[in-house]
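S.K.: Pasting a predicted model and its sequence here:
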Amino acid sequence: MIPEEIVRSPSWYESSARNRITGLLDAETFREILGPAERVMSPHLELFDLPPAFDDGVIVGRGQLDGKPVAIIAQEGQFMGGTFAEVSGAKIVGLLRAVTASAGTPDGVSAVLLLLDTGGVRLQEANAGELAVSETVRALLGVRAAGIPVVALVGGRAGAFGGGGIVTACCSHVVISEQGRISVTGPEVIETNKGAEEFDSRDRALVWRITGGRSRVLLGGADSYVKGDVASFRAAAARSRNAAPPFTLETMAAEQDRLEKRLSSYGDCRDTPEIWARAGLADPASVPDIDDDAFLALLSEREIKHDAR
Amino acid sequence: MRDWTRQKTERATRMDAAAPFADGKVVAADNATDMLRRVIKSGDRVCLEGDNQKQADFLASCLAQVDPADIHDLHIVQSGLVLPEHLDLFRLGIAKKLDFSYSGPQSGAIARALDQGKIELGAIHTYIELFARYYVDLTPNVALIAGVCADRDGNLYTGPNTEDTPTIVEATAYKSGVVIAQVNKIVDKVPRVDIPGDQIDFVVEAPRPFYVEPLFTRDPGAVTDSQILMAMIALKGIYAEYRPKRLNHGIGFATAAIELLLPTYGEKLGLRGEVATHWALNPHPTLIPAIESGWVEQIHCFGSEVGMDRYMSARPDVYFTGKDGTLRSNRLMCQNAGLYACDMFIGSTLQIDLAGNSSTVTPDRIAGFGGAPNMGSDAHGRRHVSDAWLKAGREAAGGAGPLVRGRKLVVQMVETFGEGMKPAFVEELDSLALARKLNMELAPVMIFGDDVTHIVTEEGIANLLLCRNADDVEQAIRGVAGYTPVGMARDRAKVEALRQRGVIRRPEDLGVDPMEANRNLLAARSIRDLVTWSDGLYSPPSKFRNW
Amino acid sequence: METFTIRARARAPLPGTGRQAIVGVVASGNLEILLERSETDNDVVVDVATSARGFRAVWEAVVADFVTRSSPGGVRFSIHDNGARPDTVTLRLLQGVKLLETQP
């Protein structure tokens, strides 16, 4: 009696970062680096009278996916909004650099899985957080330059905003679910600066129509769309590991070209249904409301594919 | 000789004065304020339809524009006082006296206005109580009401949110009052006649559709493990024990959790068809999974809920619908049903004292009562029996017998600590301080302790039916009050004795494992899941979406 | 923030051989507990860092009831709390010892 798509559990959106890792990797293969017992925590939060977390909201380590070694980074969106900060940022950057260093050695990995769930920079550690974002971008591109794909997985409560949105855009492949969101400036920030007429952050349908998983995958801000369960994310991560484009000048030029075309085609649109109408979708207004199966069918019928990265 | 037709004469005078501003019954929006000036006189009793959800908001703003020098000292008699304009009438000196039921978002403003002497308070009522007084001593002279559409003869279609309208109109129209309706649209033919045109004097097409607030939508995504544990305790310790088939649920998250556990945990307990088959209930979206799983025979509604209309129209075997296919709600009928035809009320509260009195009052807010006291009280006029009702009565009496009548199950669910770690169990309700401050003769109490049969917390169930004296009640309540100061001050020996008697039942006594209380038990974990369950018929308001 | 340490004696050491475990998340109304088998015999140590001030007596009562119920001897519990209610604290403590007991 219970609709099949509801009992299919566990849900990525609802899971903690640790449970996502458990569900994503082959059983018993995860080896955490700087785990909770090492107590590498934020030295700043105490000044703000805030409780720290043993892992500072980021879990890093190695494991296996379908028997092949991977490095994995997971942000816990429920702690301080999954933000980039001094310690959490250093853990991300450190792992990415280690992956680059081990490329081609017996310790080399087949991919980096980046489980983003973040509002961006942690305000209490803003300078360190901004640096962490920049260093993450640089280290991430280093990994790609070493021939190892970086796959972003976005479907948590906090989405991938601020620096998280920028980092996502630098990955080799982006996997997203309906609930996932990617953007740089968050809806509340836009509303605060430009007014509710520009962007009403409480209109959640609008927020998802602009930043949500379906819009992102239709427009090429994400590459794979998955149903919201952990198993679907796992399957997509394994698949896209092999589908990542080479990190070459040609890819970058093609990416620039792709983004320019997108801007010139749709840059004057006020909302995504306008874009879908212009792109020739039969029923643009229905895009958010159809179920996941129908949406996946739409993607494959129209052969929506965005190559460069 | 006495003139027995003064009210009819007065009505005729007012109607004549208003006639120049109307074309038959139809009044243009621009003329609405002028028309009101002719129809309303200082000192009138006015019902400015403010229901739980539906608001005659345009007519409210028109009334707030009259000159207080012309019209003043109005006596406002309406169930819901929820718009800023409602308070403006008092602030501007247009209205003076107030009798109402529920204030919701204006609860703070009402308390301030009372404190400043801007409002002379008649009484705070429950819904049926105020409706009853419309027919005894609070009959409106003028009713300003809201509908979806009307024809030029005044036949009114209220749509799914019929709510209080027929009750208000009946009292006003048949006692020589004047009834004015704002509608979203004037049409040639209404889809169905909810109020016949001869009870409506004027219709005004409002510039904007009337405002409806979604009040009963609880996002499954926000249901906590504690609420799920309490729901498991309630299902096993109360639903399975008493088997109440006819019931009402409150609107809090704890009862939403029960609704979402019916198709999962309730199914495992074998309760489908045995409990919760007939309801007096607003259209809770969280009940969709239970309805779709075959738990529910029928539901009568007080009002509607934003986004539920298409779903209900497609389930006429469950909901009351008109020939046009849309829901027909009626607050008076449904409150009556909750009072007399239900075996159980279960709902959340904010504060409970040591005698089991419960209140949602905080020191600086007067939220009123709405309907909870009607749902949550034993109807002494009830005479028909049911198993659940008799079992409760026999527990209270300590035995059976031909003169032992039943009891309605009145269950209060509360987490021991509320928002900001504020203890829910207290030595004295905040409402007593409020009553002292405002010199009220009777402190506002939502449900009196003598009506409460069970209190459910994450610590277990206190069965007050089995308590034999005030000390039993106090220790039973302390016994489920957890780590609040009230709970920590319990007499451990007495509490253990109450547990032996079955007055207190812990989760382990019921075979409920708190480790199993998690969100995977919910039949729907998000609003999106509810849409899926409804086969796409439920269309939630934007603020509840995350897609 | 308020920090304090609660010490207790359990009836017996916690069964199982797991060395450490972590449960929960420092989210609003939630907490994380790091469990380490680092104490001797039946000793129980609970280090609490909580955002909610003034609830030490409640924490002591919750821990006392938990130790009576579970007997987690030899375990140090390090807690970061962001305003969790007592029932959530108890639930996480129970989840934590179960995880530690069943770990290899």
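M.R.: Received, thanks. Residues are numbered from 1 along each chain as shown, chains lettered A, B, ... in the order given.
S.K.: can you pull out the helices in the stretch 1-150 of chain A?
M.R.: Using DSSP state H, counting those that start in this stretch, the helices found in the stretch 1-150 of chain A span residues A:4-7, A:17-24, A:86-102, A:126-145.
S.K.: quick one: the lengthiest helix in chain C near chain A?
M.R.: Of all the elements of type helix in chain C, the one with the most residues (DSSP state H) is helix C:86-102. No: Helix C:86-102 stays clear of chain A (C-beta under 8 Å from any C-beta of the partner chain), getting no nearer than 11.2 Å. C-beta: built from backbone N, CA, C; applies to glycine.
S.K.: Could you check how far stretch A:75-93 is from the centre of its chain?
M.R.: Relative to the chain's own centre, stretch A:75-93 is displaced by 14 Å; criterion: C-alpha atoms, centre = their mean, to the nearest Å.
S.K.: show me the contacts for the residue nearest to the spatial centre of chain B.
M.R.: Here the mean C-alpha position of chain B is nearest to the C-alpha of residue B:371 (C-alpha atoms, centre = their mean), at a distance of 4.0 Å. By C-beta atoms under 8 Å, 6 or more residues apart in numbering or on different chains, the residues touching residue B:371 are B:101, B:126, B:127, B:128, B:302, B:331, B:335, B:338.
S.K.: now with 7 Å?
M.R.: Listed by C-beta atoms under 7 Å, 6 or more residues apart in numbering or on different chains, the contact set of residue B:371 reads B:126, B:127, B:302, B:335, B:338.
S.K.: Any quick PyMOL command for the buried ones out of those residues?
M.R.: Typed into PyMOL, the line below selects the buried ones among the contacts of residue B:371, using 16 or more other C-beta atoms under 10 Å in any protein chain shown:
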select buried, chain B and resi 126+127+302+335+338
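S.K.: closest to chain A among the contacts of residue B:371?
M.R.: Of all the contacts of residue B:371, residue B:302 has the smallest distance to chain A: 26.8 Å, by C-beta to the nearest C-beta.
S.K.: That closest one and residue B:332 touch, don't they?
M.R.: No: at 9.0 Å, residue B:302 and residue B:332 do not qualify as touching, with contact defined as C-beta atoms under 7 Å.
S.K.: Dump the contacts of residue B:371 to a markdown table, plus secondary structure, distance to residue B:542 and pLDDT.
M.R.: Supplementary listing: the contacts of residue B:371 in a markdown table, determined by DSSP: H, G, I helix; E, B strand; the rest coil; distance: C-beta to C-beta, whole Å; pLDDT from 0 to 100:
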| residue | secondary structure | distance to residue B:542 | pLDDT |
| --- | --- | --- | --- |
| B:126 | strand | 33 | 96 |
| B:127 | helix | 29 | 96 |
| B:302 | coil | 24 | 97 |
| B:335 | helix | 31 | 97 |
| B:338 | helix | 31 | 97 |
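S.K.: Now do the SS call for whichever residue of chain C sits closest to chain A.
M.R.: Here the residue of chain C nearest chain A is residue C:27; by C-beta to the nearest C-beta that distance is 3.6 Å. Secondary structure assignment for residue C:27 (DSSP: H, G, I helix; E, B strand; the rest coil): coil.
S.K.: Now for it: which residues touch it?
M.R.: Residues near residue C:27 by C-beta under 7 Å, 6+ apart: A:78, A:79, C:82.
S.K.: For the residue nearest to the spatial centre of chain C, which residues count as its bridge partners?
M.R.: Geometric centre of chain C, nearest residue: residue C:77, 4.2 Å, by C-alpha atoms, centre = their mean. Taking DSSP bridges, one finds residue C:35, residue C:46 as the beta-bridge partners of residue C:77.
S.K.: Let me see the contact set for it.
M.R.: Residue C:77 neighbours (C-beta under 7 Å, 6+ apart): C:33, C:35, C:46, C:93.
S.K.: show me what contacts the closest residue to residue B:327 other than its chain neighbours?
M.R.: Leaving aside its chain neighbours, residue B:327 sits nearest to residue B:160 (3.9 Å; criterion: C-beta to C-beta, 6 or more residues apart in numbering or on different chains). When the contact criterion is C-beta under 7 Å, 6+ apart, the partners of residue B:160 are B:304, B:309, B:326, B:327, B:329.
S.K.: What is the burial count for the fourth one?
M.R.: Read that as residue B:327. For residue B:327, the neighbour count with other C-beta atoms under 10 Å in any protein chain shown is 25.
S.K.: Residue B:319 is in contact with that one, correct?
M.R.: Yes: proximity of residue B:327 to residue B:319 meets the contact threshold set by C-beta under 7 Å, at 5.7 Å.
S.K.: if I look at the two, which residues touch both of them?
M.R.: Counting by C-beta under 7 Å, 6+ apart, the common neighbours of residue B:327 and residue B:319 are B:301, B:312.
S.K.: which stretches of the stretch 1-150 of chain B form helices?
M.R.: In order along the chain, the stretch 1-150 of chain B carries the following helices (DSSP H, counting those that start in this stretch): B:6-18, B:32-39, B:57-63, B:84-91, B:107-115, B:127-134.
S.K.: Spatially nearest residue to the closest residue to chain A within chain B (excluding sequence neighbours)?
M.R.: The nearest approach of chain B to chain A comes at residue B:542, 4.1 Å away (C-beta to the nearest C-beta). Counting by C-beta to C-beta, 6+ apart, residue A:205 is the residue found nearest to residue B:542 once chain neighbours are left out, at 4.1 Å.
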